[in-house]
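[1] Let's see this in three dimensions:
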Amino acid sequence: MAAGSLPDELAGVLSGIQRLARRRLWHGLPAPRPRGAQVELMRLVTARPGIGVSAAARELCLAANTVSTLVNQLMSAGLLLREADPGDGRAVLLFPTPSCGERLRDWDARRAALFRDHVRELTDGDRAALAAALPALRRLSASLRDAEPV
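    Predicted structure coming up:
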């Protein structure tokens, strides 16, 4: 592999894996099927109940209006609650509904099973290579997260 092609190939493989996994996970799910950013927001709100829209936007590296749109979609689906912030009447706090927790547990179980089944089909050498690559992938993720926006 030419030195200049690693970033392009890595970006292509990672986005392809994400896209294929999402499609496999959607199979058999009742509509509406959660989109990637919706699942990320559900996961964040479940981990940090009472988080505000601005803080969620910063955490997810999304625009606040994008998070507001996601909140509206998830509220319509009965997955999030929005309450006025008692400390700031202009702000809202986000909370998961019991349905949100159920959907996330189902999604996470399906995702774990999907990857467990497919990783199991790899050779021992491939599994070892993936395990060895995880620290570097985590550092790459942190670097992308900490980078200044373009």
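
[2] Go ahead and flag the most central residue of this protein.
    residue 40 (3.4 Å; Cα atoms, centre = their mean).

[3] That residue in helix, strand or coil?
    With DSSP: H, G, I helix; E, B strand; the rest coil as the basis, residue 40 sits in helix.

[4] Need the pLDDT of the nearest residue in space to it that is not next to it in sequence.
    In this structure, residue 40 finds its nearest non-sequential neighbour in residue 60, 5.7 Å apart by Cβ to Cβ, 6 or more residues apart in numbering. Any C-beta I mention is one placed from the backbone N, CA and C, and that applies to glycine too. Here the pLDDT value assigned to residue 60 is 92.

[5] Now do the contacts for residue 60.
    Listed by Cβ atoms under 8 Å, 6 or more residues apart in numbering, the contact set of residue 60 reads 37, 40, 41, 44, 67.

[6] Serialize the residues you listed to JSON lines and add fields for pLDDT and distance to residue 147.
    Output for these, formatted as JSON lines (pLDDT from 0 to 100; distance: Cβ to Cβ, whole Å):
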{"residue": "37", "pLDDT": "91", "distance to residue 147": "19"}
{"residue": "40", "pLDDT": "94", "distance to residue 147": "18"}
{"residue": "41", "pLDDT": "97", "distance to residue 147": "22"}
{"residue": "44", "pLDDT": "97", "distance to residue 147": "20"}
{"residue": "67", "pLDDT": "95", "distance to residue 147": "20"}
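
[7] Now, of these, which are buried?
    40, 41, 44, 67 (16 or more other Cβ atoms under 10 Å).

[8] what's the closest of those to residue 52?
    Among the buried ones among the contacts of residue 60, residue 67 lies closest to residue 52 (Cβ to Cβ), at 9.6 Å.

[9] since we're on residue 94, how many residues are nearby?
    25 (other Cβ atoms under 10 Å).

[10] going forward can the numbers begin at 28, since that is how I track them
    All right, first residue 28 from here; so that's residue 121.

[11] ok, for it, nearest residue in space, not its chain neighbours?
    Nearest non-adjacent residue to residue 121 (Cβ to Cβ, 6+ apart): residue 72, at 4.7 Å.

[12] This completes my enquiry, with thanks.
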